[in-house]
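# Got a predicted model here, sequence first, then my questions.
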Amino acid sequence: MRALVSRPDAPFAELADVADPEPRADEALVEVHAFSLNRGETRRLEALEPGTVTGWDLAGTVRRAAKDGGPREGARVVGLKNVGAWAELAAVKIEHLAELPEAISLEQAATLPVAGLTALRALEIAGFVLGKRVLVSGASGGVGRFAIQLAKLGGAHVTGIARRTEGLRELGADELASEVDLEGPIYDAVLDGVGGPVLGAAIQRVAPGGTIVSFASTIPEPVSYPARELFSRAPGARLYGFYLFAELEHTRSGSADLRRLADLVAEGRLDPQINLTLSWSEAASAIEALLDRRVNGKAVLTVD
(Lines give C-alpha, C1' and ligand atoms only; values in the text may rest on other atoms or scores of the structure.)
Protein backbone atom coordinates (compact mmCIF):
# COMPACT_ATOMS: atom_id res chain seq x y z
CA MET A 1 0.00 0.00 0.00
CA ARG A 2 0.94 3.66 -0.17
CA ALA A 3 1.59 5.73 2.92
CA LEU A 4 2.90 9.12 3.94
CA VAL A 5 6.20 8.39 5.69
CA SER A 6 8.81 10.47 7.49
CA ARG A 7 11.94 11.71 5.72
CA PRO A 8 15.07 13.42 7.11
CA ASP A 9 14.72 16.74 5.27
CA ALA A 10 11.95 19.32 4.82
CA PRO A 11 9.00 18.93 4.60
CA PHE A 12 9.88 15.71 6.46
CA ALA A 13 7.17 13.55 4.81
CA GLU A 14 6.74 11.81 1.44
CA LEU A 15 4.59 9.15 -0.19
CA ALA A 16 6.11 5.66 -0.33
CA ASP A 17 5.20 1.99 -0.65
CA VAL A 18 5.01 0.14 2.67
CA ALA A 19 3.69 -3.21 3.88
CA ASP A 20 -0.03 -3.61 4.51
CA PRO A 21 -1.03 -3.73 8.19
CA GLU A 22 -2.04 -7.03 9.76
CA PRO A 23 -5.02 -6.41 12.07
CA ARG A 24 -5.33 -8.22 15.39
CA ALA A 25 -8.59 -9.76 16.55
CA ASP A 26 -9.62 -6.49 18.23
CA GLU A 27 -8.79 -4.34 15.20
CA ALA A 28 -10.73 -3.51 12.05
CA LEU A 29 -8.96 -2.95 8.74
CA VAL A 30 -10.00 0.53 7.57
CA GLU A 31 -9.62 1.92 4.08
CA VAL A 32 -8.61 5.50 4.85
CA HIS A 33 -10.31 8.27 2.89
CA ALA A 34 -9.11 11.31 4.86
CA PHE A 35 -6.97 12.25 7.82
CA SER A 36 -6.36 15.53 9.59
CA LEU A 37 -3.02 16.99 10.62
CA ASN A 38 -2.20 17.91 14.21
CA ARG A 39 0.66 20.21 15.10
CA GLY A 40 2.08 17.70 17.59
CA GLU A 41 2.53 14.93 15.05
CA THR A 42 3.91 17.23 12.36
CA ARG A 43 6.42 18.82 14.73
CA ARG A 44 7.95 15.44 15.55
CA LEU A 45 8.32 14.27 11.93
CA GLU A 46 11.91 15.49 11.75
CA ALA A 47 12.90 13.33 14.72
CA LEU A 48 11.36 10.08 13.45
CA GLU A 49 13.27 7.24 11.83
CA PRO A 50 13.07 7.79 8.05
CA GLY A 51 10.29 5.71 6.53
CA THR A 52 8.08 5.74 9.65
CA VAL A 53 4.32 5.78 9.09
CA THR A 54 2.86 8.12 11.70
CA GLY A 55 -0.50 9.86 12.04
CA TRP A 56 -3.34 9.94 14.57
CA ASP A 57 -6.69 10.88 13.01
CA LEU A 58 -8.47 9.00 10.23
CA ALA A 59 -11.85 8.49 8.60
CA GLY A 60 -12.85 5.95 5.97
CA THR A 61 -14.70 2.67 5.45
CA VAL A 62 -14.23 -0.74 7.04
CA ARG A 63 -12.67 -3.12 4.54
CA ARG A 64 -12.56 -6.02 7.01
CA ALA A 65 -14.42 -6.07 10.31
CA ALA A 66 -12.60 -7.07 13.49
CA LYS A 67 -13.03 -10.65 14.67
CA ASP A 68 -14.02 -9.31 18.09
CA GLY A 69 -16.90 -7.22 16.74
CA GLY A 70 -17.19 -3.49 16.14
CA PRO A 71 -18.38 -1.73 12.97
CA ARG A 72 -19.44 -3.98 10.09
CA GLU A 73 -17.68 -4.31 6.74
CA GLY A 74 -18.46 -1.29 4.55
CA ALA A 75 -19.36 0.98 7.47
CA ARG A 76 -18.23 4.60 7.36
CA VAL A 77 -16.06 5.18 10.43
CA VAL A 78 -13.86 7.65 12.28
CA GLY A 79 -10.89 6.38 14.25
CA LEU A 80 -7.75 7.13 16.18
CA LYS A 81 -4.28 5.57 16.22
CA ASN A 82 -1.11 6.36 18.13
CA VAL A 83 0.82 5.81 14.88
CA GLY A 84 -0.15 4.66 11.40
CA ALA A 85 -3.12 6.76 10.25
CA TRP A 86 -1.35 8.37 7.29
CA ALA A 87 -1.85 5.40 4.97
CA GLU A 88 -4.26 3.81 2.50
CA LEU A 89 -5.05 1.12 5.07
CA ALA A 90 -4.98 1.22 8.87
CA ALA A 91 -5.61 -1.40 11.54
CA VAL A 92 -7.67 0.38 14.21
CA LYS A 93 -8.74 -0.91 17.62
CA ILE A 94 -12.52 -1.18 17.77
CA GLU A 95 -12.47 0.71 21.08
CA HIS A 96 -11.03 3.69 19.17
CA LEU A 97 -13.42 3.42 16.23
CA ALA A 98 -16.97 4.75 15.78
CA GLU A 99 -19.52 4.34 13.03
CA LEU A 100 -20.64 7.63 11.49
CA PRO A 101 -24.11 9.11 10.95
CA GLU A 102 -25.03 9.81 7.33
CA ALA A 103 -25.02 13.62 7.61
CA ILE A 104 -21.28 14.00 8.20
CA SER A 105 -18.58 13.81 5.55
CA LEU A 106 -15.44 11.75 5.98
CA GLU A 107 -13.40 14.94 5.75
CA GLN A 108 -15.36 16.45 8.64
CA ALA A 109 -15.08 13.25 10.65
CA ALA A 110 -11.30 13.16 10.20
CA THR A 111 -10.97 16.34 12.29
CA LEU A 112 -12.58 14.84 15.39
CA PRO A 113 -10.29 12.28 17.07
CA VAL A 114 -7.38 14.18 18.66
CA ALA A 115 -8.69 17.76 18.65
CA GLY A 116 -12.32 16.92 19.36
CA LEU A 117 -11.68 14.29 22.02
CA THR A 118 -9.11 16.49 23.76
CA ALA A 119 -11.57 19.40 23.98
CA LEU A 120 -14.47 17.19 25.05
CA ARG A 121 -12.61 15.31 27.75
CA ALA A 122 -10.79 18.37 29.05
CA LEU A 123 -14.17 20.00 29.64
CA GLU A 124 -15.47 16.86 31.33
CA ILE A 125 -12.47 16.97 33.68
CA ALA A 126 -13.26 20.61 34.44
CA GLY A 127 -16.80 19.57 35.34
CA PHE A 128 -20.22 21.23 35.12
CA VAL A 129 -19.76 24.58 33.31
CA LEU A 130 -23.32 25.88 33.03
CA GLY A 131 -23.26 29.57 33.93
CA LYS A 132 -19.54 29.45 34.75
CA ARG A 133 -16.54 31.21 33.25
CA VAL A 134 -14.28 29.14 31.01
CA LEU A 135 -10.94 30.36 29.63
CA VAL A 136 -9.54 28.72 26.49
CA SER A 137 -5.96 29.59 25.54
CA GLY A 138 -4.67 28.72 22.10
CA ALA A 139 -8.27 29.34 21.09
CA SER A 140 -7.58 29.62 17.36
CA GLY A 141 -6.13 26.09 17.14
CA GLY A 142 -8.00 22.90 16.40
CA VAL A 143 -8.59 21.97 20.05
CA GLY A 144 -9.38 25.57 20.99
CA ARG A 145 -12.08 25.91 18.34
CA PHE A 146 -13.77 22.72 19.46
CA ALA A 147 -13.43 23.77 23.11
CA ILE A 148 -15.11 27.13 22.54
CA GLN A 149 -18.07 25.48 20.84
CA LEU A 150 -18.45 22.65 23.36
CA ALA A 151 -18.13 24.98 26.35
CA LYS A 152 -20.80 27.25 24.86
CA LEU A 153 -23.06 24.25 24.25
CA GLY A 154 -22.58 23.47 27.95
CA GLY A 155 -23.84 26.93 28.92
CA ALA A 156 -20.51 28.54 29.83
CA HIS A 157 -19.33 32.14 29.48
CA VAL A 158 -16.28 31.62 27.24
CA THR A 159 -13.15 33.74 26.94
CA GLY A 160 -10.69 32.91 24.16
CA ILE A 161 -6.99 33.77 24.22
CA ALA A 162 -5.31 33.81 20.81
CA ARG A 163 -3.00 35.87 18.67
CA ARG A 164 -5.49 35.66 15.79
CA THR A 165 -9.12 35.89 16.87
CA GLU A 166 -10.97 36.06 13.54
CA GLY A 167 -14.10 33.92 13.55
CA LEU A 168 -13.88 32.89 17.20
CA ARG A 169 -16.77 35.04 18.35
CA GLU A 170 -18.97 33.35 15.74
CA LEU A 171 -18.10 30.01 17.34
CA GLY A 172 -19.42 31.19 20.69
CA ALA A 173 -16.61 33.12 22.40
CA ASP A 174 -18.09 35.86 24.60
CA GLU A 175 -14.76 37.64 25.06
CA LEU A 176 -11.49 37.57 23.14
CA ALA A 177 -7.99 38.76 24.04
CA SER A 178 -4.39 38.22 23.04
CA GLU A 179 -3.25 37.55 26.62
CA VAL A 180 -4.63 36.76 30.07
CA ASP A 181 -5.55 39.90 32.00
CA LEU A 182 -3.98 39.62 35.48
CA GLU A 183 -6.44 42.25 36.70
CA GLY A 184 -9.39 40.66 34.97
CA PRO A 185 -12.02 38.07 35.97
CA ILE A 186 -11.34 34.73 37.55
CA TYR A 187 -12.25 31.50 35.78
CA ASP A 188 -13.89 28.34 37.02
CA ALA A 189 -12.17 26.32 34.29
CA VAL A 190 -9.09 26.92 32.18
CA LEU A 191 -8.18 24.85 29.11
CA ASP A 192 -4.58 25.67 28.21
CA GLY A 193 -2.89 24.67 24.97
CA VAL A 194 -0.02 27.18 25.12
CA GLY A 195 2.02 26.75 28.30
CA GLY A 196 4.81 29.14 29.29
CA PRO A 197 3.78 32.59 30.55
CA VAL A 198 0.22 32.12 29.29
CA LEU A 199 -0.29 29.17 31.61
CA GLY A 200 1.51 31.06 34.38
CA ALA A 201 -0.94 33.94 34.03
CA ALA A 202 -3.96 31.62 33.84
CA ILE A 203 -2.93 29.95 37.11
CA GLN A 204 -3.16 33.39 38.73
CA ARG A 205 -6.76 33.82 37.53
CA VAL A 206 -8.24 30.43 38.39
CA ALA A 207 -11.12 30.43 40.87
CA PRO A 208 -11.00 28.69 44.26
CA GLY A 209 -11.84 25.06 43.60
CA GLY A 210 -11.39 25.62 39.86
CA THR A 211 -9.60 23.38 37.39
CA ILE A 212 -6.81 24.09 34.91
CA VAL A 213 -6.34 21.45 32.21
CA SER A 214 -2.96 21.68 30.45
CA PHE A 215 -3.06 19.69 27.19
CA ALA A 216 -0.29 21.18 25.01
CA SER A 217 2.74 23.46 25.04
CA THR A 218 3.46 25.67 22.05
CA ILE A 219 5.74 27.94 24.10
CA PRO A 220 8.88 26.16 25.40
CA GLU A 221 9.51 28.63 28.24
CA PRO A 222 9.09 27.35 31.82
CA VAL A 223 5.85 28.17 33.61
CA SER A 224 6.28 30.73 36.39
CA TYR A 225 3.73 32.20 38.80
CA PRO A 226 3.63 33.52 42.40
CA ALA A 227 2.83 30.44 44.50
CA ARG A 228 0.52 32.41 46.81
CA GLU A 229 -1.71 33.18 43.83
CA LEU A 230 -2.64 29.51 43.77
CA PHE A 231 -2.57 28.08 47.30
CA SER A 232 -3.79 31.22 49.10
CA ARG A 233 -5.97 33.05 46.61
CA ALA A 234 -7.46 29.92 44.98
CA PRO A 235 -7.54 27.13 47.57
CA GLY A 236 -8.71 23.80 46.19
CA ALA A 237 -7.80 24.66 42.61
CA ARG A 238 -6.01 21.96 40.68
CA LEU A 239 -3.73 21.70 37.66
CA TYR A 240 -4.44 18.61 35.53
CA GLY A 241 -1.93 17.36 32.96
CA PHE A 242 -3.87 15.92 30.03
CA TYR A 243 -2.43 13.60 27.37
CA LEU A 244 -5.12 12.00 25.21
CA PHE A 245 -3.42 8.68 24.47
CA ALA A 246 -2.73 8.10 28.17
CA GLU A 247 -6.35 8.97 28.96
CA LEU A 248 -7.56 6.43 26.39
CA GLU A 249 -5.22 3.80 27.79
CA HIS A 250 -6.22 4.23 31.42
CA THR A 251 -9.88 5.26 31.13
CA ARG A 252 -12.86 4.28 29.01
CA SER A 253 -12.59 3.76 25.25
CA GLY A 254 -13.03 6.57 22.75
CA SER A 255 -15.77 5.06 20.56
CA ALA A 256 -18.76 6.55 22.38
CA ASP A 257 -17.20 10.01 22.58
CA LEU A 258 -16.25 9.95 18.89
CA ARG A 259 -19.86 9.14 18.05
CA ARG A 260 -21.08 11.96 20.34
CA LEU A 261 -18.91 14.43 18.47
CA ALA A 262 -19.92 13.07 15.05
CA ASP A 263 -23.61 13.37 15.98
CA LEU A 264 -23.11 17.01 16.99
CA VAL A 265 -21.51 17.74 13.61
CA ALA A 266 -24.28 15.89 11.78
CA GLU A 267 -26.89 17.92 13.68
CA GLY A 268 -25.18 21.19 12.75
CA ARG A 269 -24.34 21.99 16.38
CA LEU A 270 -20.55 21.59 16.04
CA ASP A 271 -18.41 23.02 13.23
CA PRO A 272 -15.16 21.12 12.52
CA GLN A 273 -13.62 24.35 11.19
CA ILE A 274 -11.80 22.86 8.21
CA ASN A 275 -9.56 25.61 6.88
CA LEU A 276 -7.50 23.61 4.39
CA THR A 277 -8.27 20.48 2.35
CA LEU A 278 -5.67 19.03 -0.01
CA SER A 279 -4.74 15.73 -1.62
CA TRP A 280 -2.13 13.84 0.34
CA SER A 281 0.12 14.24 -2.71
CA GLU A 282 0.27 17.90 -1.59
CA ALA A 283 1.13 17.02 2.01
CA ALA A 284 4.25 19.19 1.95
CA SER A 285 2.19 22.36 1.45
CA ALA A 286 -0.25 21.42 4.22
CA ILE A 287 2.49 20.54 6.71
CA GLU A 288 4.39 23.76 6.05
CA ALA A 289 1.19 25.82 6.38
CA LEU A 290 0.35 24.17 9.69
CA LEU A 291 3.81 24.62 11.17
CA ASP A 292 3.92 28.24 9.96
CA ARG A 293 0.57 28.85 11.72
CA ARG A 294 -1.18 29.72 8.47
CA VAL A 295 -4.03 27.29 9.18
CA ASN A 296 -6.90 28.74 11.22
CA GLY A 297 -8.67 25.56 12.22
CA LYS A 298 -8.05 22.08 10.84
CA ALA A 299 -6.04 20.88 7.83
CA VAL A 300 -7.33 17.72 6.13
CA LEU A 301 -5.60 15.51 3.58
CA THR A 302 -7.58 13.18 1.30
CA VAL A 303 -6.20 9.82 0.22
CA ASP A 304 -6.61 9.56 -3.55
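Thanks, I have it. Numbers count the residues shown, from 1 in each chain.

# where do the helices sit along the stretch 201-304 of the chain?
Ranges of helices in the stretch 201-304 of the chain, per DSSP state H, counting those that start in this stretch, are 228-231, 244-250, 255-266, 283-291.

# scratch that, the stretch 1-150 of the chain
39-43, 106-109, 117-126, 142-153.

# Show me what the mean pLDDT comes to for the shortest one.
Put plainly, it is helix 106-109. Across helix 106-109, the average pLDDT comes to 98.

# Tell me the buried residues in it?
106-109 (16 or more other Cβ atoms under 10 Å). To be clear about C-beta, it is placed using only N, CA and C from the backbone, and glycine gets the same treatment.

# related to what we said a few turns ago, out of the helices of the stretch 201-304 of the chain, which is closest to Phe128?
helix 255-266 (16.9 Å; Cβ to Cβ).

# contact partners of that closest one?
With contact meaning Cβ atoms under 8 Å, 6 or more residues apart in numbering, helix 255-266 is reached by 78-80, 94-104, 108-109, 112-113, 116-117, 120-121, 153, 270-272.

# Switch the buried residues of helix 106-109 over to CSV; also include distance to Gly209.
Formatted as CSV, the buried residues of helix 106-109 follow (distance: Cβ to Cβ, whole Å):
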residue, distance to Gly209
Leu106, 42
Glu107, 41
Gln108, 37
Ala109, 36
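
# since we're on the residue nearest to Lys298 when sequence neighbours are not counted, how many residues are nearby?
Using Cβ to Cβ, 6 or more residues apart in numbering and skipping residues adjacent in sequence, the residue nearest Lys298 is Thr111, 4.3 Å away. Around Thr111 there are 30 other residues, counting by other Cβ atoms under 10 Å.

# Do I have it right that Thr111 meets Asp57?
Yes - assessed by Cβ atoms under 8 Å, Thr111 is found in contact with Asp57 at 7.0 Å.

# can you list residues touching both of these two?
Between them, Thr111 and Asp57 share these contacting residues under Cβ under 8 Å, 6+ apart: Ser36.

# in the stretch 1-150 of the chain, which spans are strands?
Listed in chain order, the strands of the stretch 1-150 of the chain (DSSP state E, counting those that start in this stretch) span residues 2-6, 13-17, 27-37, 57-64, 76-80, 89-93, 97-99, 133-137.

# Rebuild those strands as JSON lines, extending it with mean neighbour count and mean pLDDT.
Putting these into JSON lines (neighbours: other Cβ atoms under 10 Å; pLDDT from 0 to 100) gives the following:
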{"stretch": "strand 2-6", "mean neighbour count": "22", "mean pLDDT": "96"}
{"stretch": "strand 13-17", "mean neighbour count": "15", "mean pLDDT": "96"}
{"stretch": "strand 27-37", "mean neighbour count": "26", "mean pLDDT": "98"}
{"stretch": "strand 57-64", "mean neighbour count": "23", "mean pLDDT": "98"}
{"stretch": "strand 76-80", "mean neighbour count": "28", "mean pLDDT": "98"}
{"stretch": "strand 89-93", "mean neighbour count": "24", "mean pLDDT": "98"}
{"stretch": "strand 97-99", "mean neighbour count": "25", "mean pLDDT": "98"}
{"stretch": "strand 133-137", "mean neighbour count": "28", "mean pLDDT": "98"}
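
# Export the ones you listed as TSV, with columns for distance to Glu175.
Formatted as TSV, the strands of the stretch 1-150 of the chain follow (distance: least, Cβ to Cβ, whole Å):
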stretch	distance to Glu175
strand 2-6	39
strand 13-17	38
strand 27-37	28
strand 57-64	30
strand 76-80	32
strand 89-93	39
strand 97-99	34
strand 133-137	9
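
# between those strands, which one is nearest to Asn296?
strand 27-37 (13.5 Å).

# about what we covered before: tell me the one of the buried residues of helix 106-109 nearest Leu29?
Closest to Leu29, out of all of these and judged by Cβ to Cβ, is Leu106, at 16.3 Å.

# still on that earlier bit, closest one to Arg44 among the strands of the stretch 1-150 of the chain?
Going by Cβ to Cβ, the one of these nearest Arg44 is strand 2-6, 8.9 Å.

# contact partners of the closest one?
For strand 2-6, using Cβ under 8 Å, 6+ apart, the contacting residues are 12-18, 45-46, 48-55, 86-88, 280, 283, 301.
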